[in-house]
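> my questions concern the predicted model and sequence given below.
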Amino acid sequence: MPQSALTLSYIIININPVFYLGPLQIHWYGVAYVVGISIGLWAILRYAKRLGIDSEHVYSVFWWAALAGLIGGRLYFVIQQPDLVNTYLKNPINIIAVWNGGMAFFGAIFLGVATVAFVSWKRKLPIWLALDIAALFAAVGQIFGRFGNLINGDIVGYQAGTLSVQPSAVNACALPSSAPCIGFVSDPHVVPWATLYANPGAFTQNDVPVHPAALYEIGMNLILLAILLPLLLRLPRIKMGLVSVIYLAGYAITQFIVFFFRSPVSQPFTPFLGIDGLKQAQWTAIFVLIALIPYYFLLQRTSRSWTKEAAEALAALQAERRRQAEEAYREQQAASAEADSTHHAHELAHAAHHAEEQPAKEAADDERADERERTNHADEDAHEASPEHAHKAAALEEYGAAAEYTDAMAAELRTEGIIVSTPASEEASTQPEGGSETRKKPRARSKGTEKRASKE
């Protein structure tokens, strides 16, 4: 194909939205966002340094704002979907599936602006200046994010013409097997900058070229950034916050224009106030433009220019905060060391006290043991002196009830000189002798029984 024909050719995009690094699955959409965030951060760090603002201030706001932007952009996209209930509410995992595409930048702006203002107020930073720096980050970052949409094919416009020849017949890039590649096909019946997605993994599956709505948005964002840069360079001489007003107004206007080219398949019309020809994002753009009117008047009343003196005051505040943080850290370390020392001293004192008390405790334990032993001896003496046991044993022996005595009871009576037979003693009395039968020893008699027998 002649080189001159490329300028009048529509574009074939045959790139899978997903690629692999070994077992790792990576989405081009995510790569585009990482690149956009990284370059946006680099831009605002350089700009903040130019204004005399320490990078620590930038980071203290940036991370919260970036997180809020991702959350707000995704949620605002989700709530606009016509299949909100079936696809998202019934399957909540789809709400966070940003790797499949789907971010509404207006949602990122709304939650991001609120977060930047709150965090800046909390950290006593100039709110209007923080919003200006955030506008620079958004204007730079979103340009790269749209390249992810361009590869995915999730932001497309209306049909941009009718093919007069099949692209696969004149360009091999139109064949799915030739991915990844970008090809060009000259066709007088198609808009020269139209796009056709040939990869089976693309979000858009069609055989006709469409208007590249994502590319249109990239072009408009570049125009907006070109307008903002001179204002950013003049910021020390203009009021803080003016850059953010112009960015928000410019972005709303670009969205209102670009959505006239967006296909109603992904962005259906939203009837409102009797008007049927506008999409939801266009209505949002109108409301943003209306809200910017009081925003601008508030800025005029509360904002001022960013001067060298203000930068020096902010630097002094930062230095004071660092000094206080270091002092608090040293005090905390000293308190911790003192607490450790006190705890160690208590442990030593407790060990010494325990060592002193141990002999006295052992002596007291010995004394209590001796006292218990004396008490037991006294009880035994009293028990032996009781004539009641002898009388009871004799009566039991007389009636042949000695078997009811246990070994413990018999042992107790033996201390009084009374011999009583028990089942255990009877069993023990049977011993084998030679091969003869076992014999039972005669039951021992008590003294009382012997006396009665002699009288008889």
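Happy to help now that I have it. Numbers count the residues shown, from 1 in each chain.

> now the helices: where do they sit in the stretch 251-400 of the chain?
Using DSSP state H, counting those that start in this stretch, the helices of the stretch 251-400 of the chain run over 280-302, 308-384, 388-398.

> sec struct for residue 19, please.
Secondary structure for residue 19, judged by DSSP: H, G, I helix; E, B strand; the rest coil, is strand.

> quick check: the gap between the spatially closest residue to it that is not a sequence neighbour and residue 342.
Distances taken as Cβ to Cβ, 6 or more residues apart in numbering place residue 26 nearest to residue 19, at 5.6 Å, with adjacent residues excluded. Every C-beta, even on glycine, is put in place using the N, C-alpha and C of the backbone. To residue 342, residue 26 is 55 Å away according to Cβ to Cβ, to the nearest Å.

> same question, residue 70
Taken as Cβ to Cβ, the span from residue 70 to residue 342 is 48 Å.

> mind telling me what element residue 42 is part of?
helix 28-50 (DSSP states H and E).

> contacts for that helix, please.
Residues outside helix 28-50 that contact it (Cβ atoms under 8 Å, 6 or more residues apart in numbering): 15, 17-19, 54-55, 57-58, 62, 66, 98-101, 133-134, 136-138, 140-149, 151-152, 232.

> residue 160 is in contact with residue 189, isn't it?
No. The pair residue 160 and residue 189 does not pass the contact test of Cβ atoms under 8 Å, sitting 9.8 Å apart.

> low pLDDT regions in the stretch 251-400 of the chain?
Scanning the stretch 251-400 of the chain for pLDDT under 70 picks out 266, 344-345, 350, 352-363, 366, 374-400.

> what about 80?
Applying pLDDT under 80 to the stretch 251-400 of the chain picks out residues 264-268, 307-326, 329, 336-400.

> wait, residue 121 touches residue 127, no?
Yes. Counting by Cβ under 8 Å, residue 121 does reach residue 127; the two are 5.9 Å apart.

> so for those two, which residue has more residues nearby?
residue 127 (19 against 12; other Cβ atoms under 10 Å).

> now the strands: where do they sit in the stretch 51-200 of the chain?
Taking DSSP state E, counting those that start in this stretch as the test, the strands found in the stretch 51-200 of the chain are 181-186, 195-197.

> tell me the mean pLDDT for the longest one?
So the one you mean is strand 181-186. Here strand 181-186 scores 86 as its mean pLDDT.

> from now on call the first residue 24
Taking 24 as the first residue, the last one we looked at is strand 204-209.

> counting by contacts, list what that strand packs against.
Packing partners of strand 204-209 (3 or more Cβ pairs under 8 Å, 6 or more residues apart in numbering; DSSP states H and E): strand 32-37, helix 190-193.

> what's the neighbour count on residue 286?
16.

> actually residue 37, sorry about that
Residues near residue 37, counting by other Cβ under 10 Å: 24.

> need the residue closest to the centroid of the chain.
residue 90 (12.6 Å; Cα atoms, centre = their mean).

> residue contacts, the closest residue to that one other than its chain neighbours?
By the measure of Cβ to Cβ, 6+ apart, the closest residue to residue 90 outside its immediate chain neighbours is residue 138, 8.0 Å from it. Listed by Cβ under 8 Å, 6+ apart, the contact partners of residue 138 are 87, 88, 90, 91, 92.

> could you do residue 195 as well?
Residues near residue 195 by Cβ under 8 Å, 6+ apart: 201, 206.

> distance of it relative to residue 220?
Separation of residue 195 from residue 220 (Cβ to Cβ): 16 Å.

> and residue 130, by the same measure?
From residue 130 over to residue 220 the distance is 26 Å, taken as Cβ to Cβ.

> now swap in residue 209 and tell me
Using Cβ to Cβ, residue 209 is found at 18 Å from residue 220.

> the two: which is more packed in?
More neighbours surround residue 220 than the other of residue 209 and residue 220, with 24 against 18 (other Cβ under 10 Å).

> partner residues bridging that one?
residue 36 (DSSP bridges).

> give me the distance between it and residue 211.
Taken as Cβ to Cβ, the span from residue 220 to residue 211 is 21 Å.

> what do you get for residue 337?
Between residue 337 and residue 211 the distance is 60 Å, computed by Cβ to Cβ.

> out of the two, which sits in the busier spot?
Higher neighbour count among residue 337 and residue 211: residue 337, with 20 against 8, using other Cβ under 10 Å.

> just checking, the more buried one touches residue 146?
No. Here residue 337 does not reach residue 146: they are 10.7 Å apart, not a contact under Cβ under 8 Å.

> any residues in contact with both of these two?
residue 80.

> how about residue 307: what's its closest non-neighbour residue?
Among residues not flanking residue 307 along the chain, residue 129 sits closest, at 5.1 Å (Cβ to Cβ, 6+ apart).

> can you read off the pLDDT for that neighbour?
Among the per-residue scores, residue 129 holds a pLDDT of 90.

> also residue 473?
At residue 473, pLDDT is 45.

> quick one: stretch 230-250 to chain centroid distance?
36 Å (Cα atoms, centre = their mean, to the nearest Å).

> revised request: answer the last question for stretch 179-190.
Taking mean C-alpha positions (Cα atoms, centre = their mean), stretch 179-190 and its chain are 46 Å apart.

> export it as CSV, just CAs?
The C-alpha trace of stretch 179-190 is given here as CSV (Å, rounded to 0.1, in the frame of the first residue of the first chain):
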residue,chain,number,x,y,z
VAL,A,179,-16.7,3.4,20.8
GLY,A,180,-18.8,5.7,18.7
TYR,A,181,-21.4,5.4,15.9
GLN,A,182,-20.7,3.5,12.7
ALA,A,183,-18.3,5.6,10.6
GLY,A,184,-19.1,4.3,7.1
THR,A,185,-19.7,1.1,5.1
LEU,A,186,-16.9,-1.1,3.9
SER,A,187,-16.6,-1.5,0.2
VAL,A,188,-14.0,-4.3,0.5
GLN,A,189,-13.4,-6.8,3.3
PRO,A,190,-10.3,-5.6,5.3
